[in-house]
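Give me a 3D structure for the following:
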Amino acid sequence: MRAVPRRYRFAAARMAAETLRPFVRRSTLFREHRRLGMDTDREVALHHALKSMTSSGTPFDPPMTIVNVGQLDDALAAGRGVFFATTHMVLAPVALRYLHDRGIIAFVVASSPPAIIGTGAHAHDIAPSPESLLQVRSVLREGGALMAMIDLAEPSPRTIEFETAAGTLCIRDTLLRLAQRCGAAIFFVAAHAQSRGGILVTLEMSGADPVAEFVAFVRTHARG
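Residues are numbered from 1 along each chain as shown. Have a look, this model is predicted:
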């Protein structure tokens, strides 16, 4: 891919992903993604093509359409902490690239620092641990940006289960409630590959009841 001019690299990756879609559809990895209920084979194939380019050190610029980006810009300009709540949608972390291009390196609740697609940079990680809630609180109170995937593969006594077009999903609401107590701007994130090319990132700013609103948001964006 390095031989391809930078401005054409995303398009080349998308073409490669389309070729791979029949194989992705039959893969164990795709079945695992479908168990979480949010991605189509197009998203999974594109994710792996973009991840491969990023891992090989090949920079590229993903064309993004970001819905409600003005609300995000306002929250960032005001110096508020920003919490991005999402599910295990493979393209959702593309929102981190938008922040990176504005000079903001976000935090992610993850066991290792996630790569920011198309760059050599990585997000800051907050590894799940007994101390991680304190770290999240500090980041948000200090005006930082943080993303977490709050859905779980298996329910537990402390999760919230609900039905979507893709089946039953469950989430843990701890981080949503913590972000609300910190006075952070809470944005729900969904991302889908567009058939004509590019990635559509939908941001929805939370109101007074982030848990119920997040459930409604996920139901809207889950793909059956």
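
Restricting to C-alpha, output stretch 211-224 in PDB.
Output in PDB follows, covering the C-alpha atoms of stretch 211-224 (Å, rounded to 0.1, in the frame of the first residue of the first chain):
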ATOM      1  CA  VAL A 211     -28.500   5.200  30.400                       C
ATOM      2  CA  ALA A 212     -32.000   5.100  28.900                       C
ATOM      3  CA  GLU A 213     -30.800   7.400  26.100                       C
ATOM      4  CA  PHE A 214     -27.800   5.100  25.300                       C
ATOM      5  CA  VAL A 215     -30.100   2.100  25.100                       C
ATOM      6  CA  ALA A 216     -32.300   3.900  22.600                       C
ATOM      7  CA  PHE A 217     -29.300   5.000  20.600                       C
ATOM      8  CA  VAL A 218     -27.900   1.400  20.400                       C
ATOM      9  CA  ARG A 219     -31.300   0.100  19.400                       C
ATOM     10  CA  THR A 220     -31.300   2.700  16.500                       C
ATOM     11  CA  HIS A 221     -27.900   1.700  15.300                       C
ATOM     12  CA  ALA A 222     -27.800  -2.100  15.800                       C
ATOM     13  CA  ARG A 223     -27.800  -3.900  12.500                       C
ATOM     14  CA  GLY A 224     -29.800  -7.100  12.300                       C
END
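
Could you pull out the buried residues of it?
Residues 211, 213-215, 217-218, 221-223 are the ones in stretch 211-224 that count as buried (16 or more other Cβ atoms under 10 Å). Bear in mind the C-beta positions are built from the backbone N, C-alpha and C, glycine included.

Those in helices, which ones?
211, 213-215, 217-218, 221 (DSSP state H).

pLDDT (mean, whole number) over the lengthiest strand in the chain?
Ranked by number of residues, the top strand in the chain under DSSP state E is strand 185-193. Strand 185-193 carries an average pLDDT of 96.

List the strands paired with that strand, with their directions.
Strand 185-193 sits in its sheet next to strand 82-86 (parallel), strand 199-205 (antiparallel), going by DSSP bridges.

Adding distance to Val44, mean neighbour count and mean pLDDT, write those out as a markdown table.
Rendered in a markdown table, the data for the strands paired with strand 185-193 read as follows (distance: least, Cβ to Cβ, whole Å; neighbours: other Cβ atoms under 10 Å; pLDDT from 0 to 100):
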| stretch | distance to Val44 | mean neighbour count | mean pLDDT |
| --- | --- | --- | --- |
| strand 82-86 | 16 | 26 | 97 |
| strand 199-205 | 13 | 19 | 97 |
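
Could you point out which of those sits nearest Thr164?
Closest to Thr164 of the strands paired with strand 185-193, according to Cβ to Cβ: strand 82-86, at 14.2 Å.

Alright, calling it a day.
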